[in-house]
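# Below are the sequence and a predicted model for it; my questions follow.
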Amino acid sequence: MNDSPADRRTGTGAAAAPRPQDDPATLGEDAERGCIIARLAELQRNMGRFFARDRSMPLLASTLTMQQLKVVMFLSFTGSASGQELARHLGVGLATVTGIVDRVVAQGLAGRHEDPHDRRVRRVELTEAGQRLTSEIIEAGTGGYIRLLRRLDTETLRTMETVMRKIEDVMRETHAEDAGSA
C-alpha cells in the first residue's frame, strides 16, 4: 500500500479514494461509476466531518443515553408510538423499553397517554421540550450549510438542486422498496 501515515489515519488513502491510474478515460463505465461513487462518498464524509462540530452541540448538551436518544428521535419522526412499537424499533424487550421511556418522561421530554382507539394501549409522545430538542438536533449545522451554499454561484446552486432532487427521488424509491420487503 502506498498510503502515507496521515492517509492511513484519516482513511483518505488508496482504499478510500481513486488513484491517479483510475483515469475515467481508461476505465469502462462500471469502473468509472465506481470511482465517481468512491469520490462522492469521500466528499460526503468530509462534509460530515465539517458539520459534525455544529451538529454535536445539542447532543453534547443533552444528558440522554443512546437508547433514550433513539426513542426521542423515533418519536420525532412518528409522532407517537406504543411500547411494542418502540421495543420493535430498538430491538429490545418491552420491560427494557419501559425503563428507557420512564427516564425520558422523567426528563420532561415525553409523556404517556391512552390510545384513543384502544384503551389497553399506552402511547408515548414528545412534549414541547422533546420537540424543541429534536428540532435543535435536526437543524443543528444548517446555518453552516447555508453559509457554504451562499458562497456558490447561482448556476452551481441550480445544478445542485437538480441533483439533490434526483437523490431524494431515489431515497423515496429505496424506502418504498425496503418497506415492501419488510
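Okay, I see it. Numbering: from 1, shown residues only.
# Would you map the strands across this protein?
Secondary structure of the chain (DSSP state E): strands at 80-82, 110-115, 118-126.
# highest average neighbour count across these?
Comparing these by mean neighbour count (mean count of other C-beta atoms under 10 Å), strand 80-82 ranks first with a mean of 18. No exception for glycine: its C-beta is placed from N, CA and C like everyone else's.
# Just list what that one packs against, helices and strands only.
strand 118-126 (3 or more C-beta pairs under 8 Å, 6 or more residues apart in numbering; DSSP states H and E).
# Show me what the strand it packs on is in contact with.
71-72, 75-76, 79-83, 86, 101, 104-105, 109-115, 134 (C-beta atoms under 8 Å, 6 or more residues apart in numbering).
# what's the answer for stretch 129-141, then?
51, 54-59, 62, 72-73, 75-76, 104, 108-110, 126.
# Averaged pLDDT, that stretch. What do you get?
Per-region confidence: stretch 129-141 scores 88 on mean pLDDT.
# swap in stretch 70-82?
Averaged across stretch 70-82, pLDDT comes to 95.
# What of stretch 87-103?
Here the average pLDDT along stretch 87-103 is 96.
# Stretch 31-45 too?
Across stretch 31-45, pLDDT averages out at 94.
# Work out the gap between it and the centre of the chain.
19 Å (C-alpha atoms, centre = their mean, to the nearest Å).
# try stretch 97-114
23 Å.
# Pick out the residue closest to the middle of the chain.
The structure's the chain has its C-alpha centroid closest to residue 138; by C-alpha atoms, centre = their mean the separation is 8.8 Å.
# Now the buried members of the contacts of stretch 129-141.
51, 55, 58, 62, 72, 73, 75, 76, 104, 109, 110, 126 (16 or more other C-beta atoms under 10 Å).
# And the first one, how far from residue 144?
Spelled out, that is residue 51. 6 Å (C-beta to C-beta, to the nearest Å).
# The fourth one now?
Distance check for residue 62 against residue 144: by C-beta to C-beta, it reads 20 Å.
# for the third one, same thing?
In this structure, residue 58 and residue 144 are 14 Å apart, going by C-beta to C-beta.
# With the last one instead?
When distance is defined by C-beta to C-beta, residue 126 is 26 Å away from residue 144.
# what's the longest helix in the protein?
helix 29-61 (DSSP state H).
# Show me what that one is packed up against.
helix 128-139, helix 142-150.
# now the angle from that helix to helix 128-139?
Angle of helix 29-61 versus helix 128-139, following axes from the mean of the first three to the mean of the last three C-alpha atoms, to 10 degrees, is 140 degrees.
# which of the residues in helix 29-61 are buried?
32, 35, 51, 55, 58.
# Export those as CSV, with columns for distance to residue 165.
Converted to CSV, the buried residues of helix 29-61 look like this (distance: C-beta to C-beta, whole Å):
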residue, distance to residue 165
32, 23
35, 24
51, 21
55, 23
58, 28
